[in-house]
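**Student:** please find the sequence and the predicted model below.
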Amino acid sequence: MSFTAEELEEFKAQFNVFDADGNGHITAAELSEVFKALNESVPGFKVRELIKEVDKDMNGTVEFDEFVAMMAKVREGKTKFGLADASAKVKNLVKLEGQSAASAAGTTHSFSEEEKVSFCDWINYTMQDDADLAPILPINSDGMALFENVHDGILLCKLINSAVADTIDERAINKKKLNMYTKHENQTLVLNSASAIGCSVVNIGAEDLVSGKPHLVLGLTWQIIRIGLLSKISLKNNPNLAVLLQDGESLADLLKLSPEQLLLRWFNYHLEKSGHPRRVTNFGGDIKDSECYTVLLTQIAPPGSGVDLAPMSTRDLEQRADRMLNEADKIGCRAFVRPKDVVNGNQKLNLAFVANLFNTHPALEMKDEGLPDFDLGDFDETREEKTFRNWMNSLGVNPFVNNLYSDLNDGVVLLELLNRIKPGIVDWSKVSKPPFKMGGRMKMIENCNYLIDLARTLKFSLVGIAGSDIHDGNKTLTLALLWQMMRAYTIKLLETLSGSGKSITDADIIEWANKTLSTAGKNSSVASFKDPSIATSMPVIDVVDAIKPGSINYDLVNDASTDELKLENAKYAISMSRKIGARIYALAEDLVEVKPKMVLTVFACLMARGLQKA
């Protein structure tokens, strides 16, 4: 098949987006960067498979002639290529030159116009009643207003709280008479709070958000929205999810599924219930014709809503998608996608669309025989588990960790974390990576055994812990390992900042805290990480003010005479710690209940901030 000069020019432009260094070859690393720009998490092995599909000469890269040959086969309808799907999405990227403070001259950064429009619509819908945002809402989705309106940090702070309630104490947000300094403080609060809920903020600085760098703003906004949408898909929020159990499965098996997998199972549950023959396996190609969406809407719509199958009478796919979305609008769920997003199979936006459908109209009913007997407390994520999971995800581990046990059972993410603690400690040639086929369990246990061996060289206390315990998801032993990893990561940061070359102990952190308090003339002190005074949060509040004098508004601090008042102080203490630059993962309840491990991380992170200031 021959192409016109204009078509070849378009293909070359798409090829050049992938070929970041311009050397005429698309590598797996370059393709991974494009997926990051598209905000899609694609494992390394899958990226390599996409390259292999097109790589006729098997040199490990894709050249332009191979790219054109792929496009010819797609045009003829002979086959489908994952790289071609990615290329179609690249056409919808807006390219900006040199948009990152860390970028070299001429670096191209891209963002999706469709995503910008979608996120604007969602913000306008969810924040419409917020008085603080009234001056900027609704945000015009046609131009660059979104990037201009995040400059002071208030919008992003509100979005974080919309995703995970009470993450930020609003008393900590600068709202009046803002200048560059107070805007920077708000953005610092945004980044450290986003990190605390599991967003990866690597290579994003407060100044990037103040200046509204489009690709960074959209990337962070998507992470926040995604976490908010998917966090509601759980047995705790909807116990009737148990009706999705398949033959031979237990609730434990259901909990191992990612939110995306649960959504697909929920989607197919309703397709099956309707008697429809089709099933969906993804949020891209399987939904492009709107047929499954139309059936789903008729199944979940409340009686009397007027939702029907009328869209299926329309042949043109974009017009059918528009009619389908009009049906979704009848039940208040048109958000996130427009007709082209459906027809183009934008997986990110369609995932958000389906998640919103589930959160609004799950339409799951108990079977006649009832649900299996279970105690939600046995399956609800503990605060400790959530803290560890958010810490890992904030470091940008791949894949994203949804379940603290099943997602760690192959050892790969834990080895990645260990390599962060001591760069170079992992010999990756000894590590088996997914997909695991024959002998998969044995290879995963070998990874976990290697992990334990390496952890012992770092002097971790691992008595009685074997690789099989991590693979099998032993909660007590996995948590013991994770705590030591998180502590080692934090202490390593402290040791680097101290520049003393000596190990830092718990006693050193306590000594630093008390010296900082006394030097600033504060009355509080701590004897240990179990000190009862920590329940009032006064030692933390005073350390924050000592590090950054005048940062604390003591008129907002109460006498902590009741548990409710203690929690108010703790929320303020945690948010103000993050606002001055301490990347704290602990929760307010950890201070009120004086959880020693989490209290240690709070003071260690404050010490790190104090050393940076010094």
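**Tutor:** Received, thanks. Numbers count the residues shown, from 1 in each chain.

**Student:** residues in contact with Asp531?
**Tutor:** 539, 594 (CB atoms under 8 Å, 6 or more residues apart in numbering). All C-beta spots, glycine's among them, are computed from the backbone N, C-alpha and C.

**Student:** do you know how far Glu148 is from Ile139?
**Tutor:** Counting by CB to CB, to the nearest Å, the gap between Glu148 and Ile139 amounts to 9 Å.

**Student:** do Asn161 as well
**Tutor:** From Asn161 to Ile139 the distance is 18 Å (CB to CB).

**Student:** try Leu458
**Tutor:** 48 Å.

**Student:** looking at these two, which has the bigger crowd around it?
**Tutor:** Ile139 (22 against 15; other CB atoms under 10 Å).

**Student:** distance of Thr562 relative to Thr536?
**Tutor:** Counting by CB to CB, the separation of Thr562 from Thr536 is 11 Å.

**Student:** which one's more surrounded, those two?
**Tutor:** Neighbour totals were compared for Thr562 and Thr536, and Thr536 leads with 23 against 10 (other CB under 10 Å).

**Student:** ramachandran coordinates for the more buried one?
**Tutor:** With angles defined as degrees, to the nearest 10, Thr536 sits at phi -80, psi -20.

**Student:** can you check Gln128 too?
**Tutor:** phi -60, psi -20.

**Student:** burial measure for it, as a count.
**Tutor:** 11.

**Student:** check contacts around the nearest residue to it once chain neighbours are set aside.
**Tutor:** Setting aside the residues directly before and after it, Gln128 is nearest to Leu137 in space (CB to CB, 6 or more residues apart in numbering), at 6.3 Å. Counting by CB under 8 Å, 6+ apart, Leu137 touches 123-124, 127-128, 130.

**Student:** tell me the SS of Leu137?
**Tutor:** coil (DSSP: H, G, I helix; E, B strand; the rest coil).

**Student:** which residues of the stretch 101-250 of the chain fall in helices?
**Tutor:** Along the stretch 101-250 of the chain, the segments classed as helices by DSSP state H, counting those that start in this stretch run 113-126, 145-149, 154-163, 180-196, 206-210, 214-230.

**Student:** out of those, which is closest to His276?
**Tutor:** helix 214-230 (24.9 Å; CB to CB).

**Student:** show me what counts as buried in the next helix or strand after the closest one.
**Tutor:** Later in the chain than helix 214-230, the nearest helix or strand by DSSP states H and E is helix 251-255. For helix 251-255, burial by neighbour count (16 or more other CB atoms under 10 Å) applies to 251, 254-255.

**Student:** could I get those residues as a markdown table with distance to Glu7 and pLDDT?
**Tutor:** Below are the buried residues of helix 251-255 laid out as a markdown table (distance: CB to CB, whole Å; pLDDT from 0 to 100):
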| residue | distance to Glu7 | pLDDT |
| --- | --- | --- |
| Leu251 | 53 | 87 |
| Leu254 | 48 | 89 |
| Leu255 | 49 | 86 |
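
**Student:** next, the residue nearest to Gln128: phi, psi?
**Tutor:** phi -100, psi 150.

**Student:** separation between it and Ile465?
**Tutor:** The value you get for Leu137 to Ile465, if CB to CB is used, is 52 Å.

**Student:** now Pro138
**Tutor:** From Pro138 to Ile465 the distance is 54 Å (CB to CB).

**Student:** between these two, who's got more neighbours?
**Tutor:** Ile465 (20 against 14).

**Student:** tell me if I'm right that the more buried one and Ile452 touch.
**Tutor:** Yes - with contact defined as CB atoms under 8 Å, Ile465 reaches Ile452; the gap is 6.2 Å.

**Student:** just for the stretch 501-614 of the chain, where's the confidence low?
**Tutor:** 614 (pLDDT under 70).

**Student:** can you map out the helices along it?
**Tutor:** Counting by DSSP H, counting those that start in this stretch, the helices of the stretch 501-614 of the chain are 506-519, 538-547, 563-579, 588-592, 596-613.

**Student:** the third one vs helix 596-613, what angle?
**Tutor:** Which is helix 563-579. With axes from the mean of the first three to the mean of the last three CA atoms, to 10 degrees as the basis, helix 563-579 and helix 596-613 are set at 40 degrees to each other.

**Student:** tell me what angle helix 563-579 forms with helix 180-196.
**Tutor:** 110 degrees.

**Student:** equivalent analysis for the last one, please.
**Tutor:** When the same axes, to 10 degrees is applied, the directions of helix 596-613 and helix 180-196 differ by 150 degrees.

**Student:** list the helices and strands helix 596-613 packs on?
**Tutor:** Packing partners of helix 596-613 (3 or more CB pairs under 8 Å, 6 or more residues apart in numbering; DSSP states H and E): helix 383-394, helix 475-498, helix 506-519, helix 538-547, helix 563-579, helix 588-592.

**Student:** distance to Gly82 added to these, as a markdown table?
**Tutor:** Listed next are those as a markdown table, based on distance: least, CB to CB, whole Å:
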| stretch | distance to Gly82 |
| --- | --- |
| helix 383-394 | 25 |
| helix 475-498 | 34 |
| helix 506-519 | 49 |
| helix 538-547 | 49 |
| helix 563-579 | 39 |
| helix 588-592 | 43 |
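
**Student:** looking at those helices, which is buried most?
**Tutor:** Neighbour counts (mean count of other CB atoms under 10 Å) averaged over each of these peak at helix 538-547, with a mean of 24.

**Student:** neighbouring contacts of that one?
**Tutor:** 513, 516-517, 519-520, 522-526, 531, 533-534, 551-552, 554, 557, 560, 569, 572-574, 576-577, 580, 582, 591, 602-603, 606, 609-610, 613.

**Student:** gap between Ala242 and Leu254?
**Tutor:** Counting by CB to CB - Ala242 and Leu254 are separated by 7 Å.

**Student:** what is in contact with the two at once?
**Tutor:** Leu235.

**Student:** quick check: pLDDT value at the closest residue to Tyr450 other than its chain neighbours.
**Tutor:** Of all residues not flanking Tyr450 in the chain, Lys430 sits nearest, at 5.9 Å (CB to CB, 6+ apart). pLDDT recorded at Lys430 is 95.

**Student:** wait, doesn't Val54 sit right on Met70?
**Tutor:** Yes - checked against CB under 8 Å, the pair Val54 and Met70 is within contact range at 4.9 Å.

**Student:** overlap of the contact sets of these two?
**Tutor:** 81, 83.

**Student:** and Asn59, helix, strand or coil?
**Tutor:** Per three-state DSSP, Asn59 ends up coil.

**Student:** okay, now it: neighbour count?
**Tutor:** Asn59 has 11 nearby residues by other CB under 10 Å.

**Student:** and it, how far from Ile51?
**Tutor:** Asn59 sits 10 Å away from Ile51, going by CB to CB.

**Student:** then Ala507?
**Tutor:** 52 Å.

**Student:** next: Arg315.
**Tutor:** 36 Å.

**Student:** which of the two has more neighbours?
**Tutor:** Applying other CB under 10 Å to Arg315 and Ile51 shows that Ile51 carries more neighbours, namely 20 against 7.
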